[in-house]
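1. Dropping the sequence and predicted coords here.
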Amino acid sequence: MIAVETQELVKTFKRHTVLDRVSLKIHAGKTYGLIGNNGVGKTTLIRCVLGLLKPTSGNISVFGENAYTLSDTLKQKIAVTYDSPMFVPGMSALDNLLYFCMPYAVSKNEVQTRYQQYASTLQLKVTDQRVGEYSLGMRQKLSIIRSLITEPTLLVMDEPFNGLDPTSKLALKKVLKDYQQTTNCTALVSSHDLTNLQELANQYIFLKDGVVAAAGQLNEILGDRVQSDLYKLTIEAGGIQHTCEAIKDIQGIVIVEQRENVITIRYTSHSGSLFQLLSEHRLPVLEIQGVHTGLEDLFALEDY
Amino acid sequence: MRTCTLLKKELRSTDLKRTLAVLLLLTVMLGVIVIGQIGQMEKSKGLEIEGLIPLVVHLLQDKNSCPEVAKLLFNIGMGLSIIVYSAYIGLPYALSSYERIKVDGTLHHLMVMPVSIRKTVIKYAMFGFLKTMVMATCTFFLLSLPFVLINPRILFIGTQYISLLGLLLISLLSIVIVTSLLWIFNGSKLVMSVYRWSLLGLLIVLMPMVKQIGFAISIPIEVLLGAVLVLLLLAFTCVYSVGRYFDKEKVMLSFSK
């Protein structure tokens, strides 16, 4: 089942095209990471999915319905956390949740129970304190609770790790994973925190200049190309300087990083095996290890 | 629970001190007008009674004067205060609710939530009207208290319940119309400016009229009914148009400005 589908989606503001013929399918039950530099159109895409922006051309549908004119029945199934969490400052967390959950099919008791449950997991202190006095991290946690409390089928999150400390980030990942597993919901998460996003998402959409540069699972996007590019060489003690100098002269090998006696290289020559090449130059290499590239590396290498 | 939560939110955002100050100020102002009108009544009746309280006691005990005082009290204490509170409290409150929910982020969420924008507009207009009614009732209560203490029958003599109902309906419908217009124009500041200027214009036109005809007037039922029907039609059109012309995209783009 497809939760969100865009066909040749174009969004233009005055003369500036932010999304340019974006066609993608977001399958139900999966967590998608939306990645890209600032200004590539991530938030615009999210706003189009939420039906806040009308496509200039092309289509966008959510659970088969036009996103801009989505029915209230489907809106019940969608929840969102914005990058800057906003609440009624003069009310307590619980009052805010009760207020924002009013149009949803959730009872007061359910709101209270779920609030306490999520607050405990996300380490948010349950108090009568006004939300206006909350820190960014606390508001972010409350915003996440607000989105989960209505038990959505489609969860849209813009920078959910904003303002969270490392412990809270861990807790958030656990909460989201558990929720995803129990409800089989679809999640679209936009974040610049690639390390945490990688632990959360199983599908990725890379946006570059308003265009989908790549989409799919990480290993599909990586292919063999990037995974076989990077290697870690463990060098014999005392031989590091000599090896570094020798490598600089070898065509097809570039030093990416050097830490103590470990050199990370990018090997782009395809004329022979790396082992053979290193042996020919009689370099004191003890171990050759292929580097499994993550989102961060891919992002840096491909300049998305 | 739901309406209570919304009401709770609205009450939290109300500046109670300011509201009380406005209430007292208007009550005093209207009280001065009532005293002035009673003085004029004394003149017109050719009475020469020393002191305000003996004069009021005399007027309230006189069978002919008592209904006149009651009518005056009702027109100023209830009628005029409904008009003034609608214009200066109810309407600005309903109008400012748009900006308030825009600032506190509710509007941002509202557009994603399964909420009818039409119902939202009506709710805020209703809260504005509620505020108007509560304040007008308080003012009427405070103003009429000394008169009721002297002659409790005054409450049942000259009270024009149909006029009161008509005025209340006019107040409610006006608040609904102006609030809808604001949402139709996606929170444009122009609506607020036009409202302020028309209010000023209306004041300039009405002041000399009131001076000439006084406060002891009665609006014919036909006029009241006609006004209510016209406003009802306008209100329906405006509320219907909110769903049609409220543009989420324009509102979203105004967030980033």
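-> Arrived safely, thanks for sending.

2. Tell me the secondary structure at the residue of chain A found nearest chain B.
-> Nearest residue of chain A to chain B: residue A:86, at 2.3 Å (Cβ to the nearest Cβ). (C-beta placed from N, C-alpha, C; glycine too.) Secondary structure for residue A:86, judged by DSSP: H, G, I helix; E, B strand; the rest coil, is coil.

3. Quick check, it in contact with residue B:102.
-> No. Counting by Cβ atoms under 8 Å, residue B:102 is not a contact partner of residue A:86; they are 10.1 Å apart.

4. got any residues that touch both of these two?
-> Common neighbours of residue A:86 and residue B:102, using Cβ atoms under 8 Å, 6 or more residues apart in numbering or on different chains, are residue B:108.

5. Could you report the neighbour count for the residue of chain A closest to chain B?
-> A count of nearby residues for residue A:86, using other Cβ atoms under 10 Å in any protein chain shown, gives 17.

6. give the contact list for it.
-> Per Cβ under 8 Å, 6+ apart, neighbours of residue A:86: A:139, B:104, B:105, B:106, B:108, B:109.

7. Show me which of the residues you listed are buried.
-> Neighbour counting by 16 or more other Cβ atoms under 10 Å in any protein chain shown classes A:139, B:104, B:105, B:106, B:108, B:109 among the contacts of residue A:86 as buried.

8. mind putting those residues in JSON lines, secondary structure and distance to residue B:179 included?
-> Listed next are these as JSON lines, based on DSSP: H, G, I helix; E, B strand; the rest coil; distance: Cβ to Cβ, whole Å:
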{"residue": "A:139", "secondary structure": "helix", "distance to residue B:179": "29"}
{"residue": "B:104", "secondary structure": "coil", "distance to residue B:179": "18"}
{"residue": "B:105", "secondary structure": "coil", "distance to residue B:179": "20"}
{"residue": "B:106", "secondary structure": "helix", "distance to residue B:179": "16"}
{"residue": "B:108", "secondary structure": "helix", "distance to residue B:179": "19"}
{"residue": "B:109", "secondary structure": "helix", "distance to residue B:179": "20"}
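
9. Show me which of the residues you listed is closest to residue B:12.
-> Distance to residue B:12 across the buried ones among the contacts of residue A:86 (Cβ to Cβ) is lowest for residue B:104, with 10.6 Å.

10. residues touching whatever residue of the stretch 1-150 of chain B ends up closest to chain A, list them.
-> Closest residue of the stretch 1-150 of chain B to chain A, Cβ to the nearest Cβ: residue B:105 (2.3 Å). By Cβ under 8 Å, 6+ apart, the residues touching residue B:105 are A:82, A:85, A:86, A:87, A:88.

11. before we move on, back to that, closest one of the buried ones among the contacts of residue A:86 to residue B:174?
-> Nearest member of these to residue B:174, counting by Cβ to Cβ, is residue B:106, at 24.6 Å.

12. And that closest one, what's its pLDDT?
-> Note on residue B:106: pLDDT of 82.

13. Quick check: closest non-adjacent residue to it.
-> residue A:88 (6.6 Å; Cβ to Cβ, 6 or more residues apart in numbering or on different chains).

14. Kindly report the same for residue B:93.
-> That would be residue B:128: by Cβ to Cβ, 6+ apart, it lies 4.5 Å from residue B:93.

15. Following element in sequence after the helix or strand harbouring that neighbour, please.
-> Residue B:128 belongs to helix B:117-150 when assigned by DSSP states H and E. Reading on from helix B:117-150 to the C-terminus, the next helix or strand found by DSSP H and E is helix B:154-157.

16. For that following helix, the averaged confidence score.
-> 77.

17. May I see the buried residues of it?
-> B:154, B:157.

18. does the residue positioned nearest the centre of chain B sit in a helix, a strand or a coil?
-> Residue closest to the mean C-alpha point of chain B, counted by Cα atoms, centre = their mean, is residue B:86 at 2.5 Å. Under three-state DSSP, residue B:86 falls in the helix class.

19. mind checking how far the nearest residue to it once chain neighbours are set aside is from chain A?
-> Spatial nearest neighbour of residue B:86, excluding adjacent residues (Cβ to Cβ, 6+ apart): residue B:171 at 4.2 Å. Here the distance between residue B:171 and chain A works out to 27 Å (Cβ to the nearest Cβ, to the nearest Å).

20. and residue B:171, how many neighbours?
-> 23.

21. same deal with residue A:29?
-> Residue A:29, neighbours per other Cβ under 10 Å, totals 15.

22. who's in contact with the closest residue to chain A within the stretch 151-257 of chain B?
-> Chain A sits closest to residue B:252 of the stretch 151-257 of chain B, with a gap of 4.8 Å, by Cβ to the nearest Cβ. Counting by Cβ under 8 Å, 6+ apart, residue B:252 touches A:47, A:52, A:53, B:111.

23. measure the third one to residue B:41 for me?
-> In this case it means residue A:53. 64 Å (Cβ to Cβ, to the nearest Å).

24. about what we covered before: which phi and psi does the residue of chain A closest to chain B have?
-> Backbone torsions of residue A:86, given as degrees, to the nearest 10, read phi -120, psi 140.

25. swap in residue A:285?
-> Residue A:285 adopts backbone torsions of phi -90, psi 130, taken as degrees, to the nearest 10.

26. that older thread, and of the contacts of residue A:86, the nearest to residue B:29?
-> residue B:104 (33.1 Å).

27. Excluding sequence neighbours, find me the nearest residue to the closest one.
-> Spatial nearest neighbour of residue B:104, chain neighbours left out: residue A:88 (5.0 Å); criterion: Cβ to Cβ, 6+ apart.

28. Residue ranges in the chain under the pLDDT threshold?
-> Using chain A. Counting by pLDDT under 70, chain A shows low-confidence ranges at A:223-228, A:269-272, A:292-294, A:297-304.

29. Not quite, go with chain B.
-> In chain B (pLDDT under 70), the answer is B:1-6, B:158-160, B:210-218, B:256-257.

30. At the contact with chain A, which residues of it appear?
-> Residues of chain B lying near chain A by Cβ under 8 Å from any Cβ of the partner chain: B:1-2, B:5-6, B:8-9, B:12-13, B:104-106, B:108-109, B:111-116, B:248-249, B:252-253.

31. For ChimeraX, write the select line for the buried members of those residues.
-> Buried members of these can be picked out in ChimeraX with the line below, counting by 16+ other Cβ under 10 Å:
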select /B:5,6,8,9,13,104,105,106,108,109,111,112,113,114,115,248,249,252
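
32. Fine by me, thanks again.
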